[in-house]
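Undergrad: The following comprises the amino acid sequence and a computationally predicted model.
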There are 2 protein chains.
Amino acid sequence: MTLDILKLDNQLCFPLYAATRQFTKIYRPLLEKFNVTYPQYLVLLVLFETDTLSVKALGERLFLDSGTLTPMLKRMEERGLIQRARSFQDERVVEVSLTEKGKALESEIAEVPLAFTKEIKLEEEEYFEMKRILAKILDQV
Amino acid sequence: MTLDILKLDNQLCFPLYAATRQFTKIYRPLLEKFNVTYPQYLVLLVLFETDTLSVKALGERLFLDSGTLTPMLKRMEERGLIQRARSFQDERVVEVSLTEKGKALESEIAEVPLAFTKEIKLEEEEYFEMKRILAKILDQV
DNA sequence: GATAATTTAATTGTGTACAATCTAATTGTA
DNA sequence: TACAATTAGATTGTACACAATTAAATTATC
């Protein structure tokens, strides 16, 4: 039978899912020397932009919840990259910030997105069109 | 400081990663009544198209390895959706195929991609452009 | 035809993801 | 002010995802 609507090649989500995993596979060896995973790298990027952030705010930025972030942040804390501290104003809140060691990574780790861009060959217009459509999708959820 | 190249909004991989997870979050409740996860659903789609397939061939189609597939296929076998059997020709190979129960899902599960399409509003042209660029990316890895 | 090299799955260990639940703190409201 | 409702993170349990290794079968090479 095989209904057309069920064909793998007619799905949008599948190539998205596959490409994401292939991308993180490219990132892995690039991030290895910094001893961080791809999601941890994203946390660093947010913290390079925003000094201190609650777990909730971090989760909203990365679309992740505390079930994912709490253990991940603990690992990053153990490795001396970040600090976690209860807020004085609101004891429910945990504030996350970079340590000196974490801050020191910024200039070094800038080589990673550069190296990544070399691995993946897209026209500039394709790159921006892709980002535009993805932003439209993320806007809807 | 914050180098532009490290800004989260300048990354291509991040919105891809985020959108993929948001998409699978949309799929989850749609697939719940069939008691399958999104990656398991992808296995079903492949098997609707190809009767019998080795674990290796399945992995090549879905960009997954035996470390992911073996336990996932065992769960699907436990639930009576698929069969796993060593090949007679080559004892290294495990052949995967649908059970009658698995085959019976095809017509019912066709409602899932239809329901998904309603959730996510893209111009037809955006949908195809996205698929084209993703295919180009997957072609390179 | 013995044996080295390769191939296929399975296994092990680490790290996400996320739903569901829990706990403690804060806020809203009668 | 009591106390119900909400909120923030942590915890629990299940399911990927994948690198690295292992085990068994097959193929290549001498």
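TA: Alright, I've got the coordinates.

Undergrad: Tell me where chain A has strands.
TA: A:52-54, A:82-86, A:94-98 (DSSP state E).

Undergrad: for the ones you listed, which one sits closest to DNA strand C?
TA: Closest approach to DNA strand C among the strands of chain A (CB to the nearest atom of the strand): strand A:82-86, 8.4 Å. Where C-beta positions appear, they are placed from N, C-alpha and C, glycine not excepted.

Undergrad: Now that closest one: average pLDDT?
TA: For strand A:82-86, mean pLDDT rounds to 97.

Undergrad: Within the sheet, what are the partner strands of it, with directions?
TA: In the sheet, strand A:82-86 lines up against strand A:94-98 (antiparallel) (DSSP bridges).

Undergrad: quick one: contacts of the partner strand?
TA: The contact list for strand A:94-98 (CB atoms under 8 Å, 6 or more residues apart in numbering or on different chains) reads A:43-44, A:47-48, A:51-55, A:58, A:73, A:81-87.

Undergrad: can you count the residues close to A:Ala115?
TA: For A:Ala115, the count of nearby residues is 13 (other CB atoms under 10 Å in any protein chain shown).

Undergrad: swap that for A:Tyr38, sorry
TA: A total of 19 residues lie near A:Tyr38 under the criterion other CB under 10 Å.

Undergrad: Give me the pLDDT for the spatially most central residue of chain A.
TA: The centroid of chain A falls nearest to A:Leu42 when counting by CA atoms, centre = their mean (3.2 Å). Note on A:Leu42: pLDDT of 98.

Undergrad: Please name the residues that touch it.
TA: Neighbouring residues of A:Leu42 by CB under 8 Å, 6+ apart: A:62, B:8, B:14, B:17.

Undergrad: go again using 6 Å as the cut-off
TA: With contact set as CB atoms under 6 Å, 6 or more residues apart in numbering or on different chains, A:Leu42 has these partners: A:Leu62.

Undergrad: same question, A:Thr2
TA: The contact partners of A:Thr2, taken as CB under 6 Å, 6+ apart, are B:48-49.

Undergrad: give me that answer again for 10 Å
TA: If a contact means CB atoms under 10 Å, 6 or more residues apart in numbering or on different chains, then A:Thr2 has B:45, B:48-50, B:106 as its contacts.

Undergrad: Ok, A:Pro113 next?
TA: Neighbours of A:Pro113 in contact, by CB under 10 Å, 6+ apart: A:27, A:30, A:41, A:45, B:3, B:5-7, B:10-13.

Undergrad: how many other residues sit next to A:Glu60?
TA: Taking other CB under 10 Å as the criterion, the count of residues near A:Glu60 is 12.

Undergrad: State the distance from it to A:Val46.
TA: 10 Å (CB to CB, to the nearest Å).

Undergrad: Need the overlap of contacts for the two.
TA: Residues touching both A:Glu60 and A:Val46 (CB under 10 Å, 6+ apart) are A:Leu53.

Undergrad: Would you mind listing what in chain A touches DNA strand D?
TA: Residues of chain A lying near DNA strand D by CB under 7 Å from any atom of the strand: A:17, A:21-22, A:24-25, A:28, A:54-56, A:59, A:65-67, A:69-71, A:73, A:84, A:90, A:92-95.

Undergrad: got a list of what A:Thr117 touches?
TA: Going by CB under 10 Å, 6+ apart, A:Thr117 touches A:127, B:5, B:12.

Undergrad: If anything else comes up later, I'll come back, but that's it for now.
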